[in-house]
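1. Sequence isn't available, so here's the structure alone:
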């Protein structure tokens, strides 16, 4: 089976590599000539564990190809995935210009039936716009060619994307014809053979499922952060509260961890887009809007704790930041709490030293040399007044606190991910603060 995937960003590249691993002939398309050139040379544009080996293996096997021109493979493919970016506009809506440009290109050049599948996260109703864009180009050509539009939203977690694709909780597919259903079922047959369910539904429901799932997860995070903030005020311990809640089988324990807010390419964008979709249809998604507001406030909580630790004056204080990416096992800095904390620290006159195992270059690309970049976590703490942990990388879990204490000027630790033990840190002589415990 031959397919094309337009867009070699996070979703497109992972999807292409994983489909090719299953024996499917995949052509990945991107208009960025430099990116395609690097991919052909084996240089990955993103960090994802195991991705470089997977791409290399399937390129060498002749199943995975890269090009800048979609038209070169249109005659041979049965399915075209659109995995291009849908960045948020200022009002929070998803920008569909790249999605619609892919549709127009398909309409200008197809000569036979294809299924055009939206893989990117798009608002409900996008499939209708995609169909209209393809049909408009066919009408301009004066040809009648049958085609299908489908929705196949991704549910990949950065840092575990390959596992998520190869062993999915479910595959959601929205179709509008029996022909499209059969093609998509054939494409995903290698996965369903292993028992992973494929859920076939109408296209609008598939589009909505992605937003609803991410909004639910974001809601759990913001709810727990709200509870954590109240715990601090009333003298409760959020770790006990979380365990007590999570033990209820109706609730469960996942995504109930308090922290300094969520970030990344999915939750912030999708929550905003879902709220905007509601407004477009005359309905306020009040829970979703509150989720976003709580999260934006939460990104400042580490800064607020640092400010409080030094009696409201951070001028010339040296703050070491451990972790920059929005989560472990990725270099993604999009909407990362670290960006908010760093900005506020610099505005307050602090000197900021940073370390992250993967995201240093991406941070430098975003904020330049406004901070001091360190070679490891221990260099970052030399002469520091405080440590702020913002990303729970494994290497931060059990540091040599005795060495750190001697290297620091003042022994303040603000734990934005609640990975350390409160009593232990205080016994070691640190002024320790976490989320949800006074």
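-> Ah, there it is. For clarity, every value in this text was computed on a predicted model and none was experimentally measured.

2. Tell me where the stretch 301-438 of the chain has strands.
-> 318-322, 351-355, 372-373, 386-389, 412-415, 431-434 (DSSP state E, counting those that start in this stretch).

3. Need these in CSV (columns: mean pLDDT, mean neighbour count and distance to residue 308).
-> Every residue, glycine included, has its C-beta placed from N, CA and C. Below are the strands of the stretch 301-438 of the chain laid out as CSV (pLDDT from 0 to 100; neighbours: other Cβ atoms under 10 Å; distance: least, Cβ to Cβ, whole Å):
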stretch, mean pLDDT, mean neighbour count, distance to residue 308
strand 318-322, 98, 26, 13
strand 351-355, 98, 22, 18
strand 372-373, 98, 15, 24
strand 386-389, 98, 27, 11
strand 412-415, 98, 24, 9
strand 431-434, 97, 21, 8
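
4. Mind putting those strands into a markdown table with distance to residue 332?
-> Converted to a markdown table, the strands of the stretch 301-438 of the chain look like this (distance: least, Cβ to Cβ, whole Å):
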| stretch | distance to residue 332 |
| --- | --- |
| strand 318-322 | 17 |
| strand 351-355 | 16 |
| strand 372-373 | 18 |
| strand 386-389 | 18 |
| strand 412-415 | 22 |
| strand 431-434 | 24 |
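
5. quick one, which of those is nearest to residue 239?
-> In terms of Cβ to Cβ, the element of the strands of the stretch 301-438 of the chain nearest to residue 239 is strand 431-434, at 8.6 Å.

6. Give me the helices and strands touching the closest one, please.
-> helix 301-309, strand 412-415, helix 422-427 (3 or more Cβ pairs under 8 Å, 6 or more residues apart in numbering; DSSP states H and E).

7. so how far is the longest helix seen in the chain from its chain's centroid?
-> Using DSSP state H, we find that the single longest helix of the chain is helix 203-234. In terms of Cα atoms, centre = their mean, to the nearest Å, the centre of helix 203-234 is found 15 Å from the chain centre.

8. After that helix, which helix or strand is next?
-> helix 238-246 (DSSP states H and E).

9. Please tell me I have it right and residue 295 contacts residue 262.
-> Yes. Taking contacts as Cβ atoms under 8 Å, residue 295 lies within contact range of residue 262: 5.9 Å.

10. Now the common contact residues for these two.
-> 218, 221-222, 268 (Cβ atoms under 8 Å, 6 or more residues apart in numbering).

11. which of the helices and strands packed on strand 431-434 sits most buried?
-> Ranked by mean neighbour count under mean count of other Cβ atoms under 10 Å, the helices and strands packed on strand 431-434 are led by strand 412-415, which reaches a mean of 24.

12. Show me the domain layout of this protein.
-> 2-166, 211-297, 299-434 (automatic domain parsing).

13. what about the last one, distance to the chain center?
-> The one in question is domain 299-434. Mean C-alpha position of domain 299-434 versus that of the full chain (Cα atoms, centre = their mean) differs by 22 Å.

14. just the first one next, same as before
-> Remark: domain 2-166 is offset 18 Å from the chain centroid, using Cα atoms, centre = their mean.

15. again with the second one
-> For domain 211-297, the distance from its own C-alpha centre to the chain's C-alpha centre is 16 Å (Cα atoms, centre = their mean).

16. what's the first-to-last distance across that domain?
-> 22 Å (Cα to Cα, to the nearest Å).

17. quick thing: my sequence starts at 198, can you match it?
-> Understood, numbering begins at 198; the last thing we discussed is domain 408-494.

18. Quick one: mean pLDDT for that domain?
-> Mean pLDDT, computed over domain 408-494, is 95.

19. swap in the longest one?
-> Per-residue pLDDT values across domain 199-363 average out to 93.

20. Equivalent analysis for stretch 537-547, please.
-> 98.
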